[in-house]
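K.L.:
Sequence and predicted structure, then a few things I'm wondering about:
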Amino acid sequence: MEFNFSSKPNRRFLVRLGISTMVLGLSQAAAKYLIGEELVDGPLIWALALFPALAMVGMFYACGMLIVEQKDEFVRMLVLRQLVIGTGIAISFASGWGFLEKFGLVDHIYPFYFVIAFFGGFGFGGLVNRLTHGAWGEMS
């Protein structure tokens, strides 16, 4: 069993994730430039600052749709397992960092970095699936 990039759910997932990631990068760069150079003011600043967060919502939407669109229940279980592992890693990292920060042992980091921890954990979950079930998340 190998990961199958040609399956419709996986292709749609990769397209949705890719679009959301590009929107995230572009909107973050645009917001940083426009706000940093004081080219905008008022409510537009809020909209520009929040737009990258909407792109992250799109990334999570892609994950949700990957579950919904899976036809095979074993594959759906593998995807859910990956998401649980990713969530566990992100929440554990956030909790641990929060306590270290509370006691003055580390500097503050922006919470959106925990989304990176989630997706790193999601990828690690795929490896765990491969090692324990012999599949990445899609039947050939």
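P.N.:
Cool, got the structure. Model, not experiment: these values are computed from the prediction. Residues are numbered from 1 along each chain as shown.
K.L.:
Against Ser20, how distant is the residue nearest the centre of the chain?
P.N.:
In the chain, the centroid-proximal residue (Cα atoms, centre = their mean) is Phe119; its distance is 4.4 Å. According to Cβ to Cβ, to the nearest Å, Phe119 and Ser20 sit 11 Å apart. No exception for glycine: its C-beta is placed from N, CA and C like everyone else's.
K.L.:
Report the set of residues contacting both of these two.
P.N.:
Met59 (Cβ atoms under 8 Å, 6 or more residues apart in numbering).
K.L.:
wouldn't the residue nearest to the centre of the chain be in contact with Met59 here?
P.N.:
Yes. Using Cβ atoms under 8 Å, Phe119 is in contact with Met59, at 7.5 Å.
K.L.:
so which helix or strand takes in Leu44?
P.N.:
Secondary structure assignment for Leu44, by DSSP states H and E: helix 43-69.
K.L.:
which secondary structure elements does that helix contact?
P.N.:
helix 8-36, helix 73-102, helix 113-133 (3 or more Cβ pairs under 8 Å, 6 or more residues apart in numbering; DSSP states H and E).
K.L.:
quick one: average confidence on stretch 62-74?
P.N.:
The average pLDDT within stretch 62-74 is 95.
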